[in-house]
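[1] sequence first, predicted coordinates after that:
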Amino acid sequence: MAGFRLFCRARSQHYGFVRHISRRFSGVSSCLEYHQYGDPLQVVKKSEKTIPELKDNEVLVKMLAATVNPADINTIQGVYAVKPPLPSIPGNEGVGRIVKVGNSVAGDLQPGDHVIPRINAWGTWRDYAVASHTELIKIPSDVDVATAATIAVNPCTAYRMLKDFVPLKEGDTIIQNGGNSAVGQAVIQIAAAFGWRTINVVRDRPTIDELKEKLTKLGATVVVTEEELRKSEAVQALPKPSLALNCVSGRSGTEILRQLSPQGVMVTYGGMSRKPVTVPVGSLIFSDVTLKGFWMTRWNKNHFSHPERENMLNKLFDLVKQGRLCPPDHAMVQFEDYKTALKDAMPSDGMVGKKQILVFQ
Ligand SMILES: NC(=O)c1ccc[n+]([C@@H]2O[C@H](COP(=O)([O-])OP(=O)(O)OC[C@H]3O[C@@H](n4cnc5c(N)ncnc54)[C@H](OP(=O)(O)O)[C@@H]3O)[C@@H](O)[C@H]2O)c1
């Protein structure tokens, strides 16, 4: 009887939650949308859409937060590898809470669960979404919203690049440029947790000492500017890296490539300098280095429902819970102020500030 009462209380709390949501829930969703490619500040507009009736296999998701990443900006600009059909709702990454589930949705997704999209270009920049339950991955709901909203793209990219290209053993060294990028910060933290040392190359700036201190606190072994890299004694004292992670390309990519040990591997995942990768002939002939590329979107597509995807997320959330993986510096921006978020995600001085995260009331 007591068990039944508890069950009833749990059910009524559960339905109370749904009633609470539906009182506020108007049946209309606000989203950002673009009808043509171009400058995000010009082409992205707010719009309202009627939320369709739930089909049996669908769930209604209330978005909590959604990240603005360089790939989102480039997609809207029309310069990214993925060109979604227009009009399109931007946003690859974000976290939502399930409000309601369709009749045939199995018990692993329930109202109150937190979820992230399983598919690329899902359109996270909206307050409510109806989606097939197969498009969502359940994540722990006790993880803070900023961490949950930023886990799927950058930490997963960092994790895969550290795991999939070179068998690293404790004490091995990795070199990366864009060391202060969101991916770079995840690389530093994950590598430190696994016992790998990191050489982190960043661009010089007036606040370079502050940046070096911050990345060192995250677990970086050495942080150097592009100009310091070649002559740094701290870099020379470390074993030669067998893995280079290239966020920037151009000259910066060439410089980290030069630091690789013979038969080392450089993985290019970004082209922030908008310059090509140039390889010194000697690196290919005498050092026998290998150049590879990585794209999380492709990995996700190839591992759509592969157990390794959930295994990776579990490992990352374990690190989060142990306090060994935190999100990059970020600004939580109210959805209404999306233009500020877009502007701050494309700084005119070219220096990256805080990761912009849209939050939905
Ligand atoms: N291939 C994949 O699967 C994958 C996955 C995730 C991200 N990415 C790519 O990785 C890159 C970083 O993403 P993120 O979200 O980590 O970005 P982020 O946090 O915005 O950081 C951007 C980084 O790029 C540097 N940067 C910007 N403009 C530069 C320039 N002209 N020359 C040299 N460095 C420059 C910034 O350094 P400053 O502080 O000096 O400006 C910063 O380190 C992007 O290109 C993104 O598209 C690729």
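    Great, that's in hand.
[2] name the residues that touch stretch 219-228?
    Under the criterion Cβ atoms under 8 Å, 6 or more residues apart in numbering, residues 173, 177, 179, 188-189, 191-193, 197-204, 208, 211-212, 215-216, 232, 234-235, 238, 251-252, 255, 324 lie in contact with stretch 219-228. To be clear about C-beta, it is placed using only N, CA and C from the backbone, and glycine gets the same treatment.
[3] identify the bridge partners of residue 334.
    When bridges are called by DSSP bridges, residue 334 pairs up with residue 359.
[4] quick one: end-to-end distance for stretch 193-210.
    Stretch 193-210 has an end-to-end distance of 23 Å (Cα to Cα, to the nearest Å).
[5] go through it and flag the buried ones.
    194, 196, 197, 198, 199, 200, 201, 202, 203 (16 or more other Cβ atoms under 10 Å).
[6] contacts with the ligand among those, please.
    residue 203 (Cβ under 6 Å from any ligand atom).
[7] what does the stretch 51-200 of the chain put close to the ligand?
    Applying Cβ under 6 Å from any ligand atom, we find that the stretch 51-200 of the chain lies next to the ligand at 69, 70, 71, 153, 154, 157, 178, 180, 181, 182, 183, 184.
[8] name the element the third one belongs to?
    Just to be clear, that refers to residue 71. When secondary structure is defined by DSSP states H and E, residue 71 falls within helix 70-77.
[9] so what touches that helix?
    Looking at what lies outside helix 70-77 - Cβ under 8 Å, 6+ apart - the contacts are 34, 37-40, 43-44, 80, 82-84, 90-92, 121, 153, 270, 272, 342, 345-346.
[10] ok so, going back, which of the residues of the stretch 51-200 of the chain next to the ligand sit farthest apart?
    Greatest spatial distance among these (Cβ to Cβ): 71 and 180, at 17.8 Å.
[11] so which of those two has more stuff around it?
    Taking other Cβ atoms under 10 Å, residue 71 and residue 180 do not tie; residue 180 has more neighbours (25 against 21).
[12] the more buried one reaches residue 212, doesn't it?
    No. Taking Cβ atoms under 8 Å as the definition, residue 180 is not a contact partner of residue 212, at 9.6 Å.
[13] any shared contact partners between the two?
    In contact with both residue 180 and residue 212: residue 202, using Cβ under 8 Å, 6+ apart.
[14] if we can go back for a sec, how far off centre is the helix holding residue 71?
    Taking Cα atoms, centre = their mean, to the nearest Å, one finds helix 70-77 lying 14 Å from the centre of the chain it belongs to.
[15] can you check stretch 270-290 too?
    Counting by Cα atoms, centre = their mean, stretch 270-290 comes out at 26 Å from the chain centroid.
[16] how about that stretch and the ligand, any contact?
    Yes. Stretch 270-290 lies within reach of the ligand by Cβ under 6 Å from any ligand atom, at 270, 272, 273.
[17] the ligand contacts on the stretch 251-361 of the chain?
    Residues of the stretch 251-361 of the chain lying close to the ligand (Cβ under 6 Å from any ligand atom) are 252, 269-270, 272-273, 294-296, 328, 350-352, 355.
[18] out of those residues, which are inside strands?
    Of these, the ones assigned to strands by DSSP state E are residue 355.
[19] list only buried entries from the residues of the stretch 251-361 of the chain next to the ligand.
    252, 269, 270, 272, 273, 294, 295, 296, 328, 352, 355.
[20] for those residues, which one is nearest residue 109?
    Using Cβ to Cβ, those come closest to residue 109 at residue 296, 23.3 Å.
[21] now do the contacts for the closest one.
    Contacts of residue 296 (Cβ under 8 Å, 6+ apart): 153, 156, 157, 160.
[22] again, only using 10 Å
    Residue 296 makes contacts with 71, 92, 120, 152-154, 156-161, 183, 269, as judged by Cβ atoms under 10 Å, 6 or more residues apart in numbering.
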